[in-house]
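> compute the structure for the input listed below.
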Amino acid sequence: MNTKDILSWLALVLGAAIIIGLFFIFLKDMPDDLFVLNLCVSLLVYALFYVDVLVPWVDWRDKSKSRIGSIGLRWTVTWIYAILAIGSMVVCNTIFNVGFSAQLIIHGMLLLILILGISGALHASDKVTSVYNKEMAAQKGITEMRRAFGELKQTVYNSSNIPQEVRSKIEKIEEDLRYISPSEHPEAAALEKQFSEMVRDFCINVNSYSENSGRVMSLLEKVDYILKSRKSIYSL
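Numbers count the residues shown, from 1 in each chain. Coordinates of the predicted model:
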């Protein structure tokens, strides 16, 4: 356990101890059932703020930032519950002297609202994660295309017998490759895979360009055609 964890746990324990101490000092004459109920509600409110403020709720290692997508809802639910819970304790115990059963029902309803709110926040977080995973899946094929084409450029760069015509064509394809859009369409994934395979086939043949010049040009034309076909698919 590191220093940060120790301090966090210390803050939790000290905060809870202070709340319990205040109850025993100022509310010791309250009926036992109401004393326990209000103490539990107060500790719950403190625990909620402890989780949201002292414990880092956002995991910066999570690339999807799923928690950021629902943190506003989470904080809103926490504040609404805290205000209503504390307000009901003050009103029920100092103004109207409401009995234990009625207070238990009130706090039970507020707890239900809290649970529904947290469930909504978790659902929003899952939705963000789902969208991120779809985006990453759609981006994977494009990443592989660019990686394969990077290998092609390196191969051509290391070959001294490649004519300028071929190099110019490769530069044009590289420029087009920069503006390709992610897509979840099955046809897009098939074209992305075909493009990468064709590029690697080109790399194999270009090493002996003088013997395979016809095939090299044919492969390059096919690579260009596949890329143009893939660029026509935009939907994410």
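
> three-state assignment of the nearest residue to E174 once chain neighbours are set aside?
Distances taken as CB to CB, 6 or more residues apart in numbering place F149 nearest to E174, at 6.5 Å, with adjacent residues excluded. C-beta: built from backbone N, CA, C; applies to glycine. What DSSP: H, G, I helix; E, B strand; the rest coil gives for F149 is helix.

> what's the burial count for F149?
22 (other CB atoms under 10 Å).

> that one is in contact with D176, isn't it?
No: at 10.4 Å, F149 does not count as touching D176 under the criterion of CB atoms under 8 Å.

> on that earlier part again, for I113, see how far away the residue nearest to E174 is.
54 Å (CB to CB, to the nearest Å).

> re the thing from before, show me the contacts for the residue nearest to E174.
Neighbour list for F149: I173, E174, L177, V199 [criterion: CB atoms under 8 Å, 6 or more residues apart in numbering].

> go again using 10 Å as the cut-off
By CB atoms under 10 Å, 6 or more residues apart in numbering, F149 lies in contact with I170, I173, E174, L177, F195, S196, V199, R200, F202, C203, V223, L227.

> ok, those residues vs G87, which is closest?
Closest approach between those and G87, by CB to CB: L177, at 60.2 Å.

> helices along the chain, start to end?
3-26, 32-49, 68-90, 100-157, 164-177, 186-206, 209-231 (DSSP state H).

> residue ranges with poor pLDDT in the chain?
The model of the chain has pLDDT under 70 over residues 1, 53-70, 234-236.

> picking up where we left off before, most tightly surrounded among the helices of the chain?
With neighbours defined as mean count of other CB atoms under 10 Å, the helices of the chain peak in mean count at helix 186-206, which reaches a mean of 18.

> please state the backbone phi and psi of the nearest residue to K134 once chain neighbours are set aside?
Leaving aside its chain neighbours, K134 sits nearest to E184 (6.4 Å; criterion: CB to CB, 6+ apart). In terms of degrees, to the nearest 10, the main-chain angles of E184 are phi -90, psi 0.

> any idea how far E184 lies from A137?
E184 sits 7 Å away from A137, going by CB to CB.

> same deal with E192?
E192 is 11 Å from A137, by CB to CB.

> and P186, by the same measure?
Counting by CB to CB, the gap from P186 to A137 is 12 Å.

> then S181?
14 Å.

> go on, K4?
In terms of CB to CB, K4 sits 35 Å off from A137.

> what do you get for G150?
Taken as CB to CB, the span from G150 to A137 is 21 Å.

> so how far is stretch 217-231 from its chain's centroid?
35 Å (CA atoms, centre = their mean, to the nearest Å).

> what's the answer for stretch 164-183, then?
The chain centroid and the centroid of stretch 164-183 are separated by 32 Å under CA atoms, centre = their mean.

> give the contact list for I118.
I118 neighbours (CB under 10 Å, 6+ apart): L48, S70, L73, R74, V77, T78, Y81.

> I'm done for today, thanks for sticking with me.
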